[in-house]
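Enquirer: Dropping a prediction and its sequence here:
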Amino acid sequence: MSAAASRVAVATAVAARDAASSGRALRSARWAERVAAMAEHSLLLEVSTFPKPGLVSDIDNGSHTDMDAAIFRRSAAAIRPFFRELVVAGECNAEMAVLRRIGLRAERAMLETTRGVNTHRGAIFGIGLLCAAAGLRASDHGYMNVPLGRLVAVRWGRDIVGGPRLPDSHGEMARRRYGTGGARQEAARGFPSVYEVGLPALQAALRATAGDAAAARVQACFELIAILEDTNLLHRGGADGLRFAQQCAQRFLDAGGVRQPRWQEHAEAVHRAFVERRLSPGGAADVLAMSVFAADLEPVEGRWWATHSEEHVA
């Protein structure tokens, strides 16, 4: 081969390598943006769901005087770029310390947007970790068929449990007082409330309601309230408040949930009872949003959640 031909061959190989690298980078950026869009959309679907006992929706502000649905929407938009960063960090197999720094910046953006109101701290933590897992699974680290929750537990579980805590947060105070595991233990165990309760409840309710996604979210919310040791409920109502909330949710489910005639009236009655007692199951709301998000990314009985819901984000 002549020198000129050799130079052409080398240049062609370099160009091909650069093109392949550029193509991978473009696919990575598109995937990160798509996952971030799904994350934001899951938060919007959660706030649009009604009736959710004690929680903010488009209908009313539930048990809250400092927030409404519009604030939740602005907050969701403000934290979306950080979900994208977390996907990219996961693709790079980043350590928990890196994810934590991104999460703290997301919290600051949230608080600036809401003027100090904590709308999505729990969702930043939970959905943020699932975003990082989505990035890790999309990389070539050998995790293609592993559920996102399992990935969180395997890759970052130990560091989640051992990381720094916010001593003045409602969740941390309730954890110390009542001995609950809280969001950290849930994440370190791979989010069993999402994969064992939230997702199955969504799937079963979709089948039972001929694909009514809004009703399925209500059903999943009640099923989560019935089983979670929700630190938000403990903070607002103590052990009695948690027990009252769980019993109300279980009675709704025992009556047939969203399968019963006039289920909306029953659910709204539970909502009013929560508001009268100022109870707000914020932990269940977070896990509901996480379940909706995970359902967009996990295979469901051989099909994808998008095939069941007209509300799926494009």
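Expert: Arrived safely, thanks for sending.
Enquirer: Near Ala294, how many other residues are there?
Expert: By other C-beta atoms under 10 Å, 28 other residues sit near Ala294. Just so you know, the C-beta spots here come from the backbone N, C-alpha and C atoms, and that holds for glycine as well.
Enquirer: how about the nearest residue to it once chain neighbours are set aside, what does it touch?
Expert: Using C-beta to C-beta, 6 or more residues apart in numbering and skipping residues adjacent in sequence, the residue nearest Ala294 is Val194, 5.6 Å away. Applying C-beta atoms under 8 Å, 6 or more residues apart in numbering to Val194 gives the contacts 149, 287, 290-291, 294.
Enquirer: Just put those residues in a markdown table and tack on secondary structure.
Expert: Shown next, in a markdown table, are the contacts of Val194 (DSSP: H, G, I helix; E, B strand; the rest coil):
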| residue | secondary structure |
| --- | --- |
| Gly149 | helix |
| Val287 | helix |
| Met290 | helix |
| Ser291 | helix |
| Ala294 | helix |
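Enquirer: and the two most separated of these?
Expert: Within the contacts of Val194, two members stand farthest from each other by C-beta to C-beta: Gly149 and Val287, at 11.3 Å.
Enquirer: number of nearby residues for Arg34?
Expert: The number of residues packed around Arg34, counting by other C-beta under 10 Å, is 17.
Enquirer: Now do the contacts for Ala89.
Expert: Shown in contact with Ala89 (C-beta under 8 Å, 6+ apart): 98-99, 102, 132, 135.
Enquirer: now do 6 Å
Expert: 98-99, 132 (C-beta atoms under 6 Å, 6 or more residues apart in numbering).
Enquirer: picking up where we left off before, which one of the contacts of Val194 sits in the busiest neighbourhood?
Expert: Within the contacts of Val194, neighbour counts (other C-beta under 10 Å) peak at Met290, which reaches 32 neighbours.
Enquirer: re the thing from before, so for the residue nearest to Ala294, what's the pLDDT?
Expert: For Val194, the model assigns a pLDDT of 97.
Enquirer: and Val154, how many neighbours?
Expert: The burial count assigned to Val154 is 14, neighbours taken as other C-beta under 10 Å.
Enquirer: quick one, phi/psi of it?
Expert: phi -70, psi -40 (degrees, to the nearest 10).
Enquirer: Look up the closest residue to it, ignoring the ones flanking it.
Expert: Going by C-beta to C-beta, 6+ apart, Val154 has Val146 as its nearest residue, at 7.5 Å.
Enquirer: For the chain, name the helix or strand with the lowest mean pLDDT.
Expert: helix 170-178 (a mean of 59; mean pLDDT, DSSP states H and E).
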